[in-house]
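Asks: Below are the sequence and a predicted model for it; my questions follow.
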Amino acid sequence: MKYKKLIFYLDGTLVSDRESMKYAFCCVLKELGITPSKNLALEWLKFDDAYWHEIESGRTVFPEYVQTKEDRRVYAQAMRFVLFFESFPISFEQAIHFNDVYCENLGMNIVPILGAEEVLCFLKENYEIYIATNGPRRSALKKLENANLSSYISGVLSSEDAGITKPSKIFFDSLFQMMQYPHKEEALMIGDGITTDILGGMQYGIDTCLFNPNNNQIPIDCKPTMSVQSLLELKRKL
């Protein structure tokens, strides 16, 4: 058996959290005195995806006063609310509070991806299973608990823990430290994110598995070791 450590991305790979994100965002709207609407929630999802894609690309320039890893995390999480609500101005201090409200309510309406618990139960017999997420740690733990997946997981690394997001090498260094430094050939990264999971894993020198349930076209520079359209395929491939 080649692999010993399996690293799963959480959102979009093991759990579908779009409804949870909309619920958490509506909680923020209520704090602001804004009537929640489906269109506004969908605008938030689109904005949030683009915002974190920009952060993960490494192109974001932080102010000089944002020095520590913790400062960068707080700044990044809060500024998305400042930017999204620029027509309804809120202060940075208010944005920190709204981010807390948002994170507290993430994980409430989590729906596991089809086959998630079955495949993790199967894989747990032979592998150590880890979670690598760019989301907040407390949200990740809540999602795993609400999806009944916590008992299969050996460890969770969030961007808060690493002080930086995937696909940074520093994030993967922290991940391997948590896993007690296995040989790279013993680890497999499994996720639906082309940049964060597959290209990040490739650049770090580990094998990757693309979870591609919609059979989307894969960019020419993305060459996962394997790909699956269903999580249950992992029972056969691993």
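Replies: Cool, the structure landed. Numbers count the residues shown, from 1 in each chain.
Asks: Next one: C209 from T196, what distance?
Replies: Note on C209: its distance to T196, by CB to CB, to the nearest Å, is 14 Å. No exception for glycine: its C-beta is placed from N, CA and C like everyone else's.
Asks: let me fix that: D100
Replies: Using CB to CB, one obtains 24 Å as the distance from D100 to T196.
Asks: Just want to know which of those two has more residues nearby.
Replies: T196 (23 against 15; other CB atoms under 10 Å).
Asks: so that one sits right up against N134, yeah?
Replies: Yes: T196 is within contact range of N134, at 6.5 Å (criterion: CB atoms under 8 Å).
Asks: which residues do the two both contact?
Replies: E56, T165, K166 (CB atoms under 8 Å, 6 or more residues apart in numbering).
Asks: so which of those would you say is closest to C27?
Replies: Using CB to CB, T165 is the member of the shared contacts of T196 and N134 that sits closest to C27, with 24.0 Å.
Asks: I'd assumed F171 was in contact with the closest one.
Replies: Yes: at 6.3 Å, T165 counts as touching F171 under the criterion of CB under 8 Å.
Asks: Need the residues touching each of those two.
Replies: By CB under 8 Å, 6+ apart, the residues touching both T165 and F171 are S159.
Asks: okay, now the residue nearest to T60 when sequence neighbours are not counted: neighbour count?
Replies: Sequence neighbours aside, E54 is the residue nearest to T60 in space, at 5.8 Å (criterion: CB to CB, 6 or more residues apart in numbering). Residues contacting E54 under the criterion other CB under 10 Å number 12.
Asks: host element of E54?
Replies: When elements are assigned from DSSP states H and E, E54 belongs to helix 38-57.
Asks: did I read that right, A132 in a strand?
Replies: Yes: secondary structure of A132 (DSSP: H, G, I helix; E, B strand; the rest coil): part of a strand.
Asks: Next, the contact list for it, please.
Replies: I7, F8, Y9, L10, L157, K166, F171, L175, M189, G191, D197.
Asks: change it to 6 Å
Replies: Residues near A132 by CB atoms under 6 Å, 6 or more residues apart in numbering: I7, L157, L175.
Asks: Quick check: the gap between the residue lying farthest from the centre of the chain and G193.
Replies: Outermost residue of the chain with respect to the C-alpha centroid, by CA atoms, centre = their mean, is G33; its distance is 29.1 Å. Here G33 is placed at a distance of 35 Å from G193 (CB to CB).
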